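Q: Just the structure for this:
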Amino acid sequence: MSRAQISALVFGVGGFGALVAATASNEWKVTTRASSVITATWVYQGLWMNCAGNALGSFHCRPHFTIFKVEGYIQACRGLMIAAVSLGFFGSIFALFGMKCTKVGGSDKAKAKIACLAGIVFILSGLCSMTGCSLYANKITKEFFDPFFVEQKYELGAALFIGWAGASLCIIGGVIFCFSISDNNKAPRMGYPYNGAASVMSSRTKYGGEGDFKTTNPSKQFDKNAYV
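A: Okay, here's the model as predicted:
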């Protein structure tokens, strides 16, 4: 079992889980309206719902009712994150088939190709997530520092950092999987049978037989005729 492949699988599956959490989270951008701690109000917005809560504990969410009224960058981030999650899922499946410790996937060469494919899929998943989170963060940052933007300004939410972390893990796991193909392609060591004991025994038998032949032959020559 290759330690590199185990490490790659841990990174890839961990990154995939982080991408799922970031996609489902509603904290892509946050804002706080507070004149005091008691009257504080938090507003969260995600890819699928807008939520608001206050210091008294009430919390309400409203989903985006229609796709056509959602801003373009949100729709683009939705597509990128869905693609990232889908690629991460298939990358995890390919990674399990490409592991040396599993009995499925065929020969070592076939497993090496599957592991390399899993690495490529993980890298694509990480790039999709990185692009989606960066696009969303860029929009928030531009609006926040724009002096002519008069609407409510938001800050970066926790989901963006989770998405960046998951993308990094997927990319690292994918790179390790791609380099693990070199371990699978190494030529196995040639085994040479040890026949030393058999040769010694055979030589002893051979020389022992000759010795018997030599010792028995002279005894046959000294018969009664030799003394007559």
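
Q: just to confirm, which helix or strand has Ile74 in it?
A: Assigned by DSSP states H and E, Ile74 belongs to helix 72-98.

Q: average pLDDT across that helix?
A: Helix 72-98 carries an average pLDDT of 92.

Q: ok now that helix, how far from the chain's centre?
A: 13 Å (C-alpha atoms, centre = their mean, to the nearest Å).

Q: So which bits of that helix are buried?
A: 74, 77-78, 80-81, 83-85, 87-88, 90-92, 94-98 (16 or more other C-beta atoms under 10 Å). (C-beta placed from N, C-alpha, C; glycine too.)

Q: Return the list of helices and strands in contact with the helix or strand following that helix.
A: Next in sequence after helix 72-98, counting helices and strands by DSSP H and E, comes helix 108-145. Contact here means 3 or more C-beta pairs under 8 Å, 6 or more residues apart in numbering; DSSP states H and E; on that basis helix 108-145 packs against helix 3-24, helix 72-98, strand 155-156, helix 158-179, helix 181-184.

Q: pLDDT weak spots in this structure?
A: 1-2, 32-40, 104-105, 182-228 (pLDDT under 70).

Q: who's in contact with the residue lying closest to Cys128 once chain neighbours are set aside?
A: Sequence neighbours aside, Ala84 is the residue nearest to Cys128 in space, at 3.9 Å (criterion: C-beta to C-beta, 6 or more residues apart in numbering). Ala84 makes contact with 19, 23, 125-126, 128-129, 132, 167, 170, according to C-beta atoms under 8 Å, 6 or more residues apart in numbering.
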